[in-house]
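**Q** what follows is a predicted protein model with its sequence.
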Amino acid sequence: MALATLITLTDIQLAYGHHPLLDHADFAIQAGERIGLIGRNGAGKSSLLRLLDGRTVPDDGDIARNSGLRVATVEQEPELDENATVFDVVCNVEGDHEDWQRPSRVRSMLEKLGLPADAQIAGLSGGTRKRVALARALVEEPDLLLLDEPTNHLDFDGIAWLEEMLRSWRGAAVIITHDRRFLDAVTTRIVELDRGRLLSFPGNFSQWQERKAQWLESERLEQARFDKLLAQEEVWIRKGVEARRTRNEGRVRRLESLRVQRAERRERIGDVSLALAEGQRSGKLVAELEHVSKTFGDKVVVDDYTTTILRGDRIGIIGPNGAGKTTLLKLILGEMQPDAGTTRLGTNVAVAYFDQMRAQLDENASLVDIISPGSEWVEIGGTRKHVMTYLGDFLFSPARAGSPVRSLSGGERARLLLARLFARPANVLVLDEPTNDLDIETLELLEELLQEYAGTVLLVSHDRAFLNNVVTQTIAFEGEGRWRDYVGGYDEWVAQRPAPAAAATQDADAASKPVDESAARAKVARAKPAKPTKMNAWDLRELEGLPDAIATLEAKQAELAGKLADGSLYRDAPAEVERINSELAKLESELEEKFTRWELLEARREGTL
């Protein structure tokens, strides 16, 4: 049975000023889908959500919604009544319809999420506020749930809860997030907003990465062929006399058409160019804490903690919201004195601080003043750059250099703060939730930069992939003010942490991890070992034919996936989408069998079975 299409966007155009966010875009959402919406900062992802829930109307094109469609949105920074209680905010009813069961649903939801019904919104942390906003949306029992950066401000437990909730969610969801493991855990389709177009890829984020690389290469080859043809035609028209003599007016018209097509081509936006202004090297010892304790009233935040931080360490500080990660940072950096124990800061320590709340940015200051007040130049790694060129490295055009900070989106503010941070010589980088609001491409570039950075990094983050890719050790909260050092990143911490807590975390995390297909296939092969036997002629012929058989199946798989990348297919032929997905599932099953058989026969030929 074909799935119902909840909402359809046809030939949509939306622009702010001269910048088109959606350029004749098609998009359709089917019941039960969990769509990951990705794209560059400023590409228009949040604007698309506003189109879907009706807060914005397009400049042109049509939007068709199912009759009675219920849509609920959780914004990146939810607006909640500061003076109301949690219960009142979640139970708030917009409109004049009567819903007698709503209060009981609210109580059940608050109990399920562990939210304090009588607590006032004004006293809640960012993570708890996000849970309240999610509860308010879920109580609406929507057919379509729209989530804008839902993992921002959530700790590991909150993210695990949200993953599990979405995996069991019966309605459809569209999720904007930079969290790559979250996308792998919950999405059934990735839609990328790229240069005004919506490109659809079945599967999760890891599968999208593979298909996007193939798609970009195809686009590059197609554009190269187009540019070659255009160049040939330009040479022909410049001959002039020959063109007039032959009176080949059709060829002239084709050239004019080619010129128009080339002018309308929207080139891929450049990458952020990241470089750090590394200051004078610090001493080998950066900081040392011995038997340090810190309490606030009756709450023990740090209890008898000892550690040593050396130059070049890249340390992740991890723990739930409210555990005291910021307090621990201040103790390490000497910004706060302990109640007991001693702290020592090393020599020549120059700290650059990335604040998750972006408090360092003056709302009324221009971008130029934020980066280089009173000067037109910045010095990065011994190279002098004009401030306009430097802002361009972070994808800010010269036209925007004089704009005030208040005009920037959340992602643009994060990029500006990184630009400011990296323009100041430092040998210790303190990054407090740097991944919030950054797009995935910028995240990956930041990872590479930090991996090569010769100084010391102290990182607070709930982005599991980012922690794994950047840090070499972790300082983890273990309850009641206890902190402990571990070697490695997030996954290593999960594997090493005390057993009772580790079991639950590992189970939740295993469910959120993308399936490693090669490992799965190898596991299947190992699970069914054959008895040692001599390779016969039939098995040998089968083995020799398997690579071609697998290549044929993979080519068919790529062809079907290419068809699903067309967003209009979801609108015009939802039954065809279901058929293709069913065929893809069969192909994956066949590939699984052939890979398993291949590994078995290879092992038999090599005498290991």
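**A** Received it, and whenever you're ready, just let me know what you need. Residues are numbered from 1 along each chain as shown.
**Q** mind checking the pLDDT average for stretch 21-28?
**A** Stretch 21-28 comes out with an average pLDDT of 91.
**Q** send me it as CSV with only the CA atoms.
**A** Provided in CSV are the C-alpha atoms of stretch 21-28 (Å, rounded to 0.1, in the frame of the first residue of the first chain):
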residue,chain,number,x,y,z
LEU,A,21,17.0,30.4,-1.0
LEU,A,22,14.7,28.1,-3.0
ASP,A,23,14.9,28.2,-6.8
HIS,A,24,12.0,26.3,-8.5
ALA,A,25,12.3,23.6,-5.8
ASP,A,26,10.1,20.5,-5.5
PHE,A,27,9.7,18.7,-2.2
ALA,A,28,7.2,16.1,-0.8
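**Q** all helices of the stretch 351-500 of the chain, in order?
**A** For the stretch 351-500 of the chain, the helices defined by DSSP state H, counting those that start in this stretch occupy 367-371, 387-393, 410-422, 440-452, 464-470, 490-496, 499-512.
**Q** columns distance to residue 31 on top of these, output as a markdown table?
**A** Where C-beta positions appear, they are placed from N, C-alpha and C, glycine not excepted. Listed next are the helices of the stretch 351-500 of the chain as a markdown table, based on distance: least, CB to CB, whole Å:
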| stretch | distance to residue 31 |
| --- | --- |
| helix 367-371 | 44 |
| helix 387-393 | 44 |
| helix 410-422 | 30 |
| helix 440-452 | 27 |
| helix 464-470 | 30 |
| helix 490-496 | 34 |
| helix 499-512 | 23 |
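**Q** for residue 601, which non-adjacent residue is spatially closest?
**A** Nearest residue to residue 601, sequence neighbours excluded (CB to CB, 6 or more residues apart in numbering): residue 543, at 4.2 Å.
**Q** that should have said residue 174, apologies.
**A** residue 35 is the one closest to residue 174 (CB to CB, 6+ apart), at 4.8 Å.
**Q** against residue 589, how distant is residue 420?
**A** As defined by CB to CB, to the nearest Å, residue 420 lies at a distance of 52 Å from residue 589.
**Q** more neighbours: the two, which one.
**A** With neighbours defined as other CB atoms under 10 Å, residue 420 and residue 589 compare such that residue 420 has more, 19 against 10.
**Q** I'd say the more buried one and residue 370 touch.
**A** Yes: counting by CB atoms under 8 Å, residue 370 is a contact partner of residue 420 at 5.6 Å.
**Q** who's in contact with the residue positioned nearest the centre of the chain?
**A** Most central in the chain under CA atoms, centre = their mean is residue 178, positioned 1.6 Å from the mean C-alpha point. Neighbouring residues of residue 178 by CB atoms under 8 Å, 6 or more residues apart in numbering: 149, 435-440, 443, 463.
**Q** hmm, which of these is lowest in pLDDT?
**A** Among those, residue 437 has the weakest pLDDT, 76.
**Q** what residues does stretch 447-457 touch?
**A** 274-276, 278-279, 281-282, 286, 309-315, 426-429, 431, 459, 466, 469-471.
**Q** number of nearby residues for residue 286?
**A** 27.
**Q** what about it, which SS state?
**A** Secondary structure for residue 286, judged by DSSP: H, G, I helix; E, B strand; the rest coil, is strand.
**Q** swap in residue 317?
**A** For residue 317, the assignment made with three-state DSSP gives strand.
**Q** can you get me a residue count around it?
**A** Counted with other CB under 10 Å, the neighbours of residue 317 add up to 24.
**Q** quick one: it from residue 467, how far?
**A** 10 Å.
**Q** what do the two both touch?
**A** 459, 474.
**Q** tell me where the stretch 451-600 of the chain has strands.
**A** Using DSSP state E, counting those that start in this stretch, the strands found in the stretch 451-600 of the chain span residues 456-460, 473-477, 483-487.
**Q** adding mean pLDDT, distance to residue 338 and mean neighbour count, write the ones you listed out as TSV.
**A** Shown next, in TSV, are the strands of the stretch 451-600 of the chain (pLDDT from 0 to 100; distance: least, CB to CB, whole Å; neighbours: other CB atoms under 10 Å):
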stretch	mean pLDDT	distance to residue 338	mean neighbour count
strand 456-460	94	17	23
strand 473-477	95	15	21
strand 483-487	94	13	16
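**Q** and the gap between residue 189 and residue 203?
**A** Using CB to CB, one gets 7 Å for the distance from residue 189 to residue 203.
**Q** now for the residue nearest to residue 403 when sequence neighbours are not counted: which residues touch it?
**A** Nearest non-adjacent residue to residue 403, counting by CB to CB, 6+ apart: residue 367, 6.1 Å away. Applying CB under 8 Å, 6+ apart to residue 367 gives the contacts 391, 396, 400-403, 405, 416.
**Q** ditto for residue 376
**A** Taking CB under 8 Å, 6+ apart, we find residue 376 in contact with 386-387.
**Q** likewise for residue 323?
**A** Listed by CB under 8 Å, 6+ apart, the contact partners of residue 323 are 301, 477.
**Q** distance of it relative to residue 365?
**A** Residue 323 is 33 Å from residue 365, by CB to CB.
**Q** again with residue 292
**A** According to CB to CB, residue 292 and residue 365 sit 37 Å apart.
**Q** the more surrounded of those two?
**A** residue 292 (23 against 14).
**Q** for the more buried one, list each beta-bridge partner.
**A** Per DSSP bridges, the residues bridged to residue 292 are residue 305.
**Q** I figured it hits residue 344, correct?
**A** No: here residue 292 lies out of contact with residue 344, judged by CB under 8 Å, at a distance of 10.7 Å.
**Q** what is the burial count for the residue nearest to residue 601?
**A** Residue 543 is flanked by 17 other residues according to other CB under 10 Å.
**Q** ok, it touching residue 600?
**A** No: applying CB under 8 Å as the test, residue 543 and residue 600 come out as separate, 9.3 Å apart.
**Q** part of a helix, is residue 13?
**A** No: counting by three-state DSSP, residue 13 falls outside a helix, being strand.
**Q** and it, how far is that from residue 58?
**A** Shown here: residue 13 relative to residue 58, a distance of 6 Å by CB to CB.
**Q** with neighbour numbers in mind, choose between those two.
**A** residue 58 (19 against 15).
**Q** contact partners for the more buried one?
**A** 9, 12-14, 22, 51.
**Q** do the same with residue 344
**A** Per CB under 8 Å, 6+ apart, neighbours of residue 344: 285, 287-288.
**Q** overlap in contacts of residue 13 and residue 58?
**A** residue 22.
**Q** where do the strands sit along the stretch 201-350 of the chain?
**A** Applying DSSP E, counting those that start in this stretch to the stretch 201-350 of the chain gives strands spanning 285-296, 299-310, 314-318, 340-345.
**Q** which of those strands is buried the deepest?
**A** strand 314-318 (a mean of 23; mean count of other CB atoms under 10 Å).
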